[in-house]
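**Student:** dropping the sequence and predicted coords here.
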Amino acid sequence: MSDLYWLTDEQMARLEPYFPKSHGRPRVDDRRVLSGIIFVNRNGLRWRDAPKDYGPHKTLYNRWKRWGQMGVFTRMMEGLSAGAERKTVMIDATYLKAHRTASSLAVKRGNLGRLIGRTKGGMNTKLHAVTDANGRPLSFFMTAGQISDYIGAAALIDDLPKAQWLLADRGYDADWFRDALEEKGIKPCIPGRKSRNEPIKYDKRRYRRRNRIEIMFGRLKDWRRVATRYDRCPTVFFSAIALAATVIFWL
């Protein structure tokens with residue numbers, strides 16, 4: 001029995017609406033190429049080491065790079081997650097280790113950077129995520145590893161769905177964040193920091209569900225090219241995260 005990954009007819013039917021239109025010559029078999037891209041990202045392979053069953057590795061890499069720059073993989077995740085139940089959402093962040101090949105070489109002047117920073121654990125990228133109540137990702141935001149959770153929260157707050165509740169750990173306990181949620185009609189379920197003079201009341205029973213977003217991060221990291229960042233370009237790495245989320249949670 002083959003260990004190779006192949007997208008099913010049903011999965012391809014769900015993904016095809018997000019494929020860019022082909023101009024000029026017809027594209028090489030979408031199922032074969034996309035299945036190969038998934039296999040490489042999930043197993044952490046170099047493109048040149050992709051199994052021959054998926055065709056030339058240059059075809060896989062070129063499609064991966066071109067569609068990543070076009071935002072195709074991000075649109076897949078956002079499109080397929082659009083119908084999710086959003087009564088309760090959760091927010092959290094995790095560290096993704098950057099390999100030396102991703103963090104090497106100086107960044108060109110005027111460039112936004114590679115979103116890699118030094119922390120106690122070494123060179124990292126931080127992934128901020130919003131999920132539904134089942135821990136399925138709705139949106140991501142990426143920063144350098146040393147950036148605080150507040151920065152990710154500020155970036156994601158405008159895109160939060162019209163939910164009734166938001167669950168987060170005490171790292172997100174800030175008055176400005178609670179006020180911003182209240183303005184959007186969202187009730188925060190966030191424990192107070194221990195440094196607060198007065199304790200914060202929150203729904204402890206509802207808060208227990210927050211472990212599902214941590215499980216989501218764990219499943220994303222099962223994909224080796226997500227758990228360890230090999231790509232210098234943040235857009236390419238973000239595409240790997242979006243593709244993993246799509247395949248794991250939305251197909």
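**Tutor:** Thanks, I have the structure now. What you are looking at is a predicted structure, and each value in this text was computed from that prediction instead of being measured. Numbering: from 1, shown residues only.
**Student:** strands along the stretch 1-150 of the chain, start to end?
**Tutor:** 88-98, 117-119, 122-132, 137-144 (DSSP state E, counting those that start in this stretch).
**Student:** out of the ones you listed, which is closest to W165?
**Tutor:** strand 88-98 (4.4 Å; Cβ to Cβ). Quick note: C-beta positions are derived from backbone N, CA and C, even for glycine.
**Student:** how about low-confidence regions in this protein?
**Tutor:** Across the chain, the ranges flagged by pLDDT under 70 are 1-2, 24, 103-113.
**Student:** try 50 this time
**Tutor:** Within the chain, the ranges that satisfy pLDDT under 50 run 1, 109-111.
**Student:** all the helices of it, residue numbers only.
**Tutor:** With DSSP state H as the criterion, the chain has helices at 9-15, 30-43, 57-70, 72-80, 100-103, 149-156, 175-183, 204-207, 211-220, 224-227, 234-245.
**Student:** I37 and S195, how far apart?
**Tutor:** 46 Å (Cβ to Cβ, to the nearest Å).
**Student:** quick one on the thing from earlier: just put the strands of the stretch 1-150 of the chain in TSV and tack on mean neighbour count and distance to K184.
**Tutor:** Formatted as TSV, the strands of the stretch 1-150 of the chain follow (neighbours: other Cβ atoms under 10 Å; distance: least, Cβ to Cβ, whole Å):
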stretch	mean neighbour count	distance to K184
strand 88-98	23	11
strand 117-119	15	29
strand 122-132	22	13
strand 137-144	22	15
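**Student:** could you dump these to a markdown table with distance to P56?
**Tutor:** Below are the strands of the stretch 1-150 of the chain laid out as a markdown table (distance: least, Cβ to Cβ, whole Å):
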| stretch | distance to P56 |
| --- | --- |
| strand 88-98 | 29 |
| strand 117-119 | 36 |
| strand 122-132 | 30 |
| strand 137-144 | 30 |
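**Student:** name the nearest residue to the residue nearest the centre of the chain, ignoring sequence neighbours.
**Tutor:** In the chain, the centroid-proximal residue (Cα atoms, centre = their mean) is I241; its distance is 4.2 Å. Residue nearest to I241 in three dimensions, not counting chain neighbours: V226, with 5.6 Å by Cβ to Cβ, 6 or more residues apart in numbering.
**Student:** my read: the one you found touches N41, true?
**Tutor:** Yes: here V226 reaches N41: they are 7.4 Å apart, a contact under Cβ atoms under 8 Å.
**Student:** the spatially closest residue to V236 that is not a sequence neighbour: what's it in contact with?
**Tutor:** Leaving aside its chain neighbours, V236 sits nearest to G68 (5.2 Å; criterion: Cβ to Cβ, 6+ apart). Residues in contact with G68 (Cβ atoms under 8 Å, 6 or more residues apart in numbering) are 235-236, 239.
**Student:** could you check how far G68 is from C189?
**Tutor:** From G68 to C189 the distance is 35 Å (Cβ to Cβ).
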